[in-house]
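1. the amino acid sequence is not available; the structure is as follows:
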DNA sequence: TGAATATACCTGTCTATACAAGCTCTGAGC
DNA sequence: GCTCAGAGCTTGTATAGACAGGTATATTCA
């Protein structure tokens, strides 16, 4: 039997170094712009190896807390102009994670002549005459939460029309058939077109949060989707902690 | 004279290892869920030390490309349910970065009795009778881009009314007087109240992108701000590359 | 005085080595 | 056939030592 209860999950040393520095920032001992200890000083102060200090500081730099200049020193980052992160999640995963029921209703799933705006958005070659188009409503416990209006490059996902979108979202399906290389999101607010508003059961003049998502696969742009969400029932939330 | 031009900025080894693995993922050689080489295998394959491989893989894990299980192996992450990042920026910094002119018009800067919703949002003690309130319009080249309606905890920033908000945004001022501990953002779409719509020069029934920002300082919640942006002229944009 | 040089310190990278701890499979013993 | 120990893999962490290259300051020399 030991004379002291052993720590069940002892913090790794590099994490202790991070906390040590963070604590000095949180307490105001080190203010934004101020110089923090050099690696060598932290080595002497905390009796750990320089590689351990280096890892700790490097991770704090990557998370935006510190910034370093080779040959000069390490400084508390000035978050004043820094951005704060927000996450755009897969709607089905998000609903399920809230412990709610997700289901999707397929309104449209078809091959259509390429609309000119879509030809631009997907940078389609002139030879491409048709694209796939799907219009799907996603529900959280039978309340409509997203209308997904998507155009898909047939060169990337030739079997798109055969997919089972009751059990997998188009986004998930596309990631499966063509590994994703790049995703771009644009978030706006707008009054939705009338048919979209009806699908979302919006009140007249109720605003919608619109996300435009463009995805790239290895070879080409894979799809362009416009996601409409009811302004009163949907929000994006992000927390940034130092 | 050398027989070959020396690489002006040779990539560090750990970056080469990252690219090596990324290349295999991008090419489809390693698909989501698949196992990638163990550290030891990469060591033999690329003739670098294990610590270098470890750093490369650790960074790819942190950026969401790989995932690892101790004792089992390293796998290509399944981004299908993963979130994609978006940044909320300081409005003044964003405008200036676009090369445009930013200026702010102070509509209101006053001490007011605590509204009940604000008492909740800032978790103010019952003894607090008054808070600071500012209403500021931010312009990009003389076009209104944001109405910032902010309530400030006087315990955190007692001199808020004396600040010069023509040259510094309230957010920047608060970060200066009370180091930031936590920021929460909620993004919604809504029709703005009539006076806000007028300040933004919105057309009737034009939607607004609304960001609610709550900030925490060391000791207490520092401020609660509602930021209204014109739906037609403002958007959040984020790109995720693998 | 002014310019070139030395030096001291800083971050950045890389290696070889070590040990701990998690997981899986295999084979010994029952 | 079943259980359990251990081998052999994996990742995770930590160290000491080394060298490169950036930056500021002091020093030396003209």
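-> Ah, there it is. As the structure is a computational prediction, the values presented were derived from the model and not from experiment.

2. quick one, helices of chain A?
-> Using DSSP state H, the helices found in chain A span residues A:13-26, A:39-46, A:50-62, A:91-97, A:116-121, A:170-177, A:194-199.

3. the second one vs helix A:50-62, what angle?
-> Spelled out, it's helix A:39-46. 110 degrees (axes from the mean of the first three to the mean of the last three CA atoms, to 10 degrees).

4. do helix A:39-46 and DNA strand C meet?
-> Yes. Counting by CB under 7 Å from any atom of the strand, DNA strand C has neighbours in helix A:39-46: A:39-41. The C-beta positions use only the backbone N, C-alpha and C, and glycine is treated the same way.

5. adding neighbour count, pLDDT and distance to residue A:19, write those out as CSV.
-> Formatted as CSV, the residues of helix A:39-46 next to DNA strand C follow (neighbours: other CB atoms under 10 Å in any protein chain shown; pLDDT from 0 to 100; distance: CB to CB, whole Å):
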residue, neighbour count, pLDDT, distance to residue A:19
A:39, 17, 97, 17
A:40, 10, 96, 20
A:41, 12, 96, 17
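
6. so how far is residue A:123 from residue A:117?
-> 12 Å (CB to CB, to the nearest Å).

7. what's near enough to touch the closest residue to residue A:238 other than its chain neighbours?
-> Leaving aside its sequence neighbours, residue A:238 sits nearest to residue A:86 (CB to CB, 6 or more residues apart in numbering or on different chains; 3.7 Å). For residue A:86, the contact set (CB atoms under 8 Å, 6 or more residues apart in numbering or on different chains) comprises A:236-238, B:85-88, B:185, B:187, B:236, B:238.

8. what are the ranges of the strands in chain A?
-> A:35-36, A:66-69, A:73-76, A:84-88, A:102-113, A:130-140, A:143-152, A:180-190, A:208-217, A:221-230, A:236-241 (DSSP state E).

9. residue of chain A nearest DNA strand D, please.
-> Ranked by CB to the nearest atom of the strand, the top residue of chain A for proximity to DNA strand D is residue A:71, at 2.5 Å.

10. what's that residue in contact with, if anything?
-> Contacts of residue A:71 (CB under 8 Å, 6+ apart): none.

11. closest to chain B out of the residues of helix A:39-46 next to DNA strand C?
-> Nearest to chain B among the residues of helix A:39-46 next to DNA strand C is residue A:39, at 16.1 Å by CB to the nearest CB.

12. what's the closest of the strands of chain A to residue B:192?
-> strand A:180-190 (9.6 Å; CB to CB).

13. hang on, the earlier thing: adding distance to residue A:164 and mean pLDDT, write the strands of chain A out as a markdown table.
-> A markdown table is the format used below for the strands of chain A (distance: least, CB to CB, whole Å; pLDDT from 0 to 100):
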| stretch | distance to residue A:164 | mean pLDDT |
| --- | --- | --- |
| strand A:35-36 | 54 | 96 |
| strand A:66-69 | 48 | 95 |
| strand A:73-76 | 52 | 96 |
| strand A:84-88 | 24 | 85 |
| strand A:102-113 | 10 | 95 |
| strand A:130-140 | 12 | 96 |
| strand A:143-152 | 15 | 96 |
| strand A:180-190 | 20 | 92 |
| strand A:208-217 | 20 | 95 |
| strand A:221-230 | 17 | 96 |
| strand A:236-241 | 28 | 89 |
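
14. now distance to residue A:29 too, for these, in a markdown table please.
-> Output for the strands of chain A, formatted as a markdown table (distance: least, CB to CB, whole Å):
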| stretch | distance to residue A:29 |
| --- | --- |
| strand A:35-36 | 10 |
| strand A:66-69 | 14 |
| strand A:73-76 | 10 |
| strand A:84-88 | 24 |
| strand A:102-113 | 47 |
| strand A:130-140 | 46 |
| strand A:143-152 | 46 |
| strand A:180-190 | 38 |
| strand A:208-217 | 41 |
| strand A:221-230 | 44 |
| strand A:236-241 | 18 |
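
15. so which bits of chain A are right by DNA strand D?
-> For chain A, the residues in contact with DNA strand D (CB under 7 Å from any atom of the strand) are A:12-15, A:47-52, A:69-72.

16. closest to chain B among those residues?
-> Nearest to chain B among the residues of chain A next to DNA strand D: residue A:51, at 8.1 Å, using CB to the nearest CB.

17. hang on, residue A:62 packs against residue B:58?
-> No. Between residue A:62 and residue B:58 there is no contact under CB atoms under 8 Å: 10.9 Å.

18. could you report the neighbour count for residue A:64?
-> Residue A:64 has 15 neighbours, counted by other CB atoms under 10 Å in any protein chain shown.

19. go ahead and confirm it touches residue A:82.
-> Yes. Residue A:64 lies in contact with residue A:82 (CB under 8 Å); the separation is 5.8 Å.

20. test of understanding: give the bridge partners of the nearest residue to residue A:150 once chain neighbours are set aside.
-> Nearest residue to residue A:150, sequence neighbours excluded (CB to CB, 6+ apart): residue A:225, at 4.1 Å. Taking DSSP bridges, one obtains residue A:150, residue A:213 as the residues bridged to residue A:225.

21. would you mind listing the buried residues in stretch A:67-85?
-> Applying a neighbour-count criterion of 16 or more other CB atoms under 10 Å in any protein chain shown, one finds A:68, A:74-77, A:79-85 buried in stretch A:67-85.

22. sorry, back to before: residue B:172 is nearest to which of the strands of chain A?
-> strand A:84-88 (13.7 Å).

23. tilt between the closest one and strand A:221-230?
-> Using the same axes, to 10 degrees: strand A:84-88 against strand A:221-230 is 100 degrees.

24. strand A:84-88 pairs with which strands?
-> Going by DSSP bridges, the partners of strand A:84-88 are strand B:84-88 (antiparallel).

25. quick one: the partner strand to strand B:236-241, angle?
-> Using the same axes, to 10 degrees: strand B:84-88 against strand B:236-241 is 140 degrees.

26. quick one: strand B:84-88 to strand B:180-190, angle?
-> Using the same axes, to 10 degrees: strand B:84-88 against strand B:180-190 is 100 degrees.

27. distance from the chain centre to strand B:84-88, please.
-> Taking CA atoms, centre = their mean, to the nearest Å, one finds the center of strand B:84-88 at 6 Å from the center of the full chain.

28. show me which residues of chain A are close to DNA strand C?
-> A:38-41, A:50-51, A:54, A:57-58, A:61, A:68-74.

29. what about 10 Å?
-> Residues of chain A lying close to DNA strand C (CB under 10 Å from any atom of the strand) are A:6, A:9-10, A:35-44, A:49-51, A:53-55, A:57-58, A:61, A:66-75.

30. picking up where we left off before, what about burial for the contacts of residue A:86, which qualify?
-> Here, 16+ other CB under 10 Å leaves A:236, A:238, B:85-86, B:88, B:185, B:187, B:236, B:238 buried among these.

31. nearest to DNA strand C among the residues you listed?
-> residue B:85 (22.6 Å).

32. bridging residues for that closest one?
-> Under the criterion DSSP bridges, residue B:85 forms beta bridges with residue A:87.

33. show the contacting residues for it.
-> A:85-88, B:238, B:240.

34. mind running it again at 10 Å?
-> Taking CB atoms under 10 Å, 6 or more residues apart in numbering or on different chains as the criterion, residue B:85 is in contact with A:83, A:85-88, A:183, A:185, A:238, B:64, B:238-240.

35. in stretch A:189-204, which residues are buried?
-> A:189-192, A:196-197, A:199-200, A:202.

36. now do stretch A:104-115
-> Result for stretch A:104-115 [16+ other CB under 10 Å]: buried residues A:104, A:109, A:114.

37. just name the closest of the residues you listed to residue A:159, please.
-> Nearest to residue A:159 out of the buried residues of stretch A:104-115 is residue A:109 (CB to CB; 12.2 Å).
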